[in-house]
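coordinates only, sequence not included:
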Ligand SMILES: *[C@@H]1O[C@H](CO)[C@@H](O)[C@H](O)[C@H]1NC(C)=O
Ligand SMILES: *[C@@H]1O[C@H](CO)[C@@H](O)[C@H](O)[C@H]1NC(C)=O
Ligand SMILES: *[C@@H]1O[C@H](CO)[C@@H](O)[C@H](O)[C@H]1NC(C)=O
Ligand SMILES: *[C@@H]1O[C@H](CO)[C@@H](O)[C@H](O)[C@H]1NC(C)=O
Ligand SMILES: *[C@@H]1O[C@H](CO)[C@@H](O)[C@H](O)[C@H]1NC(C)=O
Ligand SMILES: *[C@@H]1O[C@H](CO)[C@@H](O)[C@H](O)[C@H]1NC(C)=O
């Protein structure tokens, strides 16, 4: 069942702020945003050790990671992504690669993700694409995959206000490419993909805007977190959002941006699923469908809390050197 926007708004209003939500321990919707770090490759197997509730992953690339080669697609589904623009608009190497996975390697690819934050600049991890260029690339690479029965998600824009206008431009440019004077057509897509960094109310409102703009489409939340907050606030956000995603039928899948160690986290230490020492934090354990570990994000070697002292030493050393010049 898909929720009508009005029903969605009512549901939103009904979220009781005084009851702490209890997230399901396990969910078939949950996946891994795979962001490996070459200095800690052993961490990569944490996500698939049983018991785990993660059923799918993406790595911002068209090809799967060899770490998960032994796991069948039916257990841990790899979802290829076309991150951004290829070097030439006519390039169809994404299409060729995904076809190769299906036909030569026998990997049952059923879903594909398109562009990552095309409305955002490269410096913030966006793929900075013009809607018209993106539409041509979509026509060349995505439509043939759809013709093969592969489901394709709309590009995942930033959580900012540029997202919806970008998508509307993109869809209108795409229509121009597939229409003729005699026959008007639209590009089709199978689900809407969103990103969100911020609090729960903002997330729910953002989802409401996308549900209203793209009625009757299911949604994947492929990056989300509440960044740079204290641990209790972050855990409360995690609980509320997981419970919300699990409850809403139109949410098809979600993946928390946090599968890394707290000391290299760019969403703040408390949003990370691994401690500085590489152990699952409470959020990490909950996300995998397990009991809280009680491991603090800062726990373990290498945490930044030692850095201020170290940098103070460096700073005072630099100061001392400067004094002598
Ligand atoms: C990978 O880990 C190393 C060691 O902790 C760190 O210096 C580096 O910034 C990390 N890389 C990324 C991309 O997070
Ligand atoms: C491929 O995956 C889809 C979706 O999970 C499933 O319905 C289909 O049966 C699978 N096909 C094969 C050949 O395993
Ligand atoms: C294409 O999409 C537009 C905007 O959503 C809609 O108004 C129009 O009816 C659609 N056209 C076709 C042929 O489906
Ligand atoms: C959404 O689905 C409902 C029920 O299937 C249908 O009545 C309605 O026309 C659909 N709306 C759009 C915009 O496709
Ligand atoms: C989050 O949910 C867990 C149970 O899954 C609970 O133990 C914990 O207290 C909750 N935390 C907050 C801050 O709501
Ligand atoms: C963290 O992980 C290491 C290695 O897996 C293990 O030896 C250690 O007991 C764990 N620490 C905690 C607090 O779980």
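Here it is on my side, so go on. Predicted model only: the values in this text are computed from it and were never measured. Ligands and ions are numbered 1, 2, ... in the order given.

next one: phi and psi at residue 97?
With angles defined as degrees, to the nearest 10, residue 97 sits at phi -60, psi -50.

I misspoke; the intended subject was residue 254.
Dihedral pair for residue 254: phi -150, psi 150, per degrees, to the nearest 10.

list the contacts for the closest residue to it other than its chain neighbours?
Once flanking residues are discounted, residue 254 sits nearest to residue 221: 4.2 Å by Cβ to Cβ, 6 or more residues apart in numbering. Quick note: C-beta positions are derived from backbone N, CA and C, even for glycine. Contact partners of residue 221, counting by Cβ atoms under 8 Å, 6 or more residues apart in numbering, are 193, 194, 195, 196, 207, 245, 251, 253, 254, 255.

Given the helix or strand containing residue 221, what are its sheet partners and their directions?
Per DSSP states H and E: residue 221 is located in strand 218-225. Using DSSP bridges, strand 218-225 pairs in its sheet with strand 191-197 (parallel), strand 251-254 (parallel).

Would you mind checking the average pLDDT for the following helix or strand past the last one?
Following strand 251-254 in sequence order, the next helix or strand is helix 282-287 (DSSP H and E). Computed over helix 282-287, the mean pLDDT rounds to 98.

what distance separates helix 282-287 from the centre of its chain?
17 Å (Cα atoms, centre = their mean, to the nearest Å).

Tell me where the protein has helices.
Here the chain has its helices, by DSSP state H, at 5-13, 93-103, 131-147, 163-178, 200-213, 231-247, 282-287, 307-324.

what's the shortest one packed up against?
Right, the one you point to is helix 282-287. Helices and strands touching helix 282-287, by 3 or more Cβ pairs under 8 Å, 6 or more residues apart in numbering; DSSP states H and E, are helix 231-247.

quick one on the thing from earlier: mind putting the contacts of residue 221 in TSV, distance to residue 118 included?
TSV is the format used below for these (distance: Cβ to Cβ, whole Å):
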residue	distance to residue 118
193	11
194	13
195	11
196	16
207	20
245	24
251	22
253	20
254	20
255	19
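
for the residues you listed, which one is nearest ligand 5?
residue 245 (14.2 Å; Cβ to the nearest ligand atom).

For residue 239, see how far away the closest one is.
11 Å (Cβ to Cβ, to the nearest Å).

Kindly provide the whole-number mean pLDDT of stretch 163-175.
Mean predicted lDDT for stretch 163-175 stands at 98.

Give me the contacts around it.
Residues from elsewhere that reach stretch 163-175, judged by Cβ under 8 Å, 6+ apart: 118-119, 131-132, 134-135, 138-139, 154-155, 157, 184-187, 194, 209-210, 213.

list the contacts for residue 275?
261, 262, 281, 295, 296, 297, 298, 299, 300.

if we can go back for a sec, what would the helices of the chain look like in TSV with distance to residue 272?
Formatted as TSV, the helices of the chain follow (distance: least, Cβ to Cβ, whole Å):
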stretch	distance to residue 272
helix 5-13	28
helix 93-103	30
helix 131-147	32
helix 163-178	25
helix 200-213	19
helix 231-247	9
helix 282-287	8
helix 307-324	16
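
Throw these into JSON lines and include mean neighbour count and distance to ligand 6, thanks.
Listed next are the helices of the chain as JSON lines, based on neighbours: other Cβ atoms under 10 Å; distance: least, Cβ to the nearest ligand atom, whole Å:
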{"stretch": "helix 5-13", "mean neighbour count": "13", "distance to ligand 6": "38"}
{"stretch": "helix 93-103", "mean neighbour count": "17", "distance to ligand 6": "33"}
{"stretch": "helix 131-147", "mean neighbour count": "19", "distance to ligand 6": "40"}
{"stretch": "helix 163-178", "mean neighbour count": "18", "distance to ligand 6": "39"}
{"stretch": "helix 200-213", "mean neighbour count": "18", "distance to ligand 6": "29"}
{"stretch": "helix 231-247", "mean neighbour count": "19", "distance to ligand 6": "16"}
{"stretch": "helix 282-287", "mean neighbour count": "23", "distance to ligand 6": "10"}
{"stretch": "helix 307-324", "mean neighbour count": "10", "distance to ligand 6": "21"}
